[in-house]
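>>> Requesting a structural model of the entry that follows:
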Amino acid sequence: MLNVKSHKMAAYEEIKEKIISGEFEPGKSLNERTLSEEFGISRTPVREALMKLSYEGWIINEPYKPNVVRNFDLKTIMEAQKVRASLELLAIDESFNNINNADIEELKLITRDTKYAKTHNEFIYADRRFHEYIYNKSNNEILKDMMKTLNDIIRYFGLVSIDNPGRTNETVEEHNKIIDSLKNKKREEAIFAMRYHMDQTEKSIIRRFQRKSNKK
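Got it, this is the predicted structure:
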């Protein structure tokens, strides 16, 4: 049974987490009664949670049809990735002068956690810690707020991008190149390393979609 913040928000967060983690796969029907029984709450807060998720674009909620988890197409994912890439490049540029030796060591520790993550979800959490650390060093509050707004969708698409053989190891190597550039105080190299990282993430997403299409 869910611990209550409010039943609506608890149900909302639980359902969204299951969507992002992949437990609720695209196309899955979400039944109000089944979810209310699973969570141990009435159907009204579940219905309200589903409406909120529909408004945010995570599920499709149409009259007289079951609620289903949205299947994001490649175009939508790539549009989101382009926005993310622009923010990541701004973050590395704005944080460059604020990153000291202690920060470099912390980024190395986070990257080590990324390297030894045992599951895809652990990997994505460590990956987000890496990027969030750089955002936070920018001291740009609007940039940080935009990152928080995109954080869930970035995590969801991150799980898409690493679903390719070898991508996790590539990501660790790309993070290390970013760290080396920051350590050596080479701003243009750091920006280039981040751009390369974003480009490779984009290519990985495309490869994953092509691989899925070929299986159909």
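
>>> Can you report how many residues neighbour residue 12?
By other C-beta atoms under 10 Å, 22 other residues sit near residue 12. Where C-beta positions appear, they are placed from N, C-alpha and C, glycine not excepted.

>>> Can you report phi and psi for it?
phi -60, psi -50 (degrees, to the nearest 10).

>>> Surely it is in contact with residue 53?
Yes - Residue 12 is in contact with residue 53 according to C-beta atoms under 8 Å; the separation is 6.5 Å.

>>> OK, contacts around residue 12?
When contacts are counted by C-beta atoms under 8 Å, 6 or more residues apart in numbering, residue 12 touches 48, 49, 52, 53.

>>> correction: residue 176
residue 111.

>>> Other residues contacting stretch 118-136?
Here stretch 118-136 has contacts from 21, 88, 91-92, 95, 99, 103, 106-107, 110-111, 113-114, 117, 143-144, 147, 151, 154-155, 158-159, 162-163, 168, 171, 175, using C-beta under 8 Å, 6+ apart.

>>> and the residue most central in space within the chain, how far is that from residue 83?
Centroid-nearest residue in the chain, with C-alpha atoms, centre = their mean: residue 155, separated by 1.2 Å. As for residue 155, its distance to residue 83 is 15 Å (criterion: C-beta to C-beta, to the nearest Å).

>>> Now name the helix or strand holding residue 134.
Using DSSP states H and E, residue 134 maps to helix 120-137.

>>> and that helix, which residues are buried?
Neighbour counts over helix 120-137 (16 or more other C-beta atoms under 10 Å) mark 121, 123-124, 126-137 as buried.

>>> Next: stretch 138-158.
So for stretch 138-158, counting by 16+ other C-beta under 10 Å, buried means 138, 140, 143, 144, 146, 147, 153, 154, 155, 156, 157, 158.

>>> Just these: which are in helices?
Among the buried residues of stretch 138-158, the residues falling in helices (DSSP state H) are 143, 144, 146, 147, 153, 154, 155, 156, 157, 158.

>>> between those, which is nearest residue 182?
Nearest to residue 182 out of these is residue 143 (C-beta to C-beta; 17.3 Å).

>>> Residue 90 is in contact with residue 146, correct?
No - contact criterion C-beta under 8 Å: residue 146 and residue 90 do not qualify, at 9.4 Å.

>>> follow-up on the earlier one: who wins for most neighbours among the contacts of residue 12?
So for the contacts of residue 12 (other C-beta under 10 Å), the most neighbours sit at residue 49, 27 neighbours.
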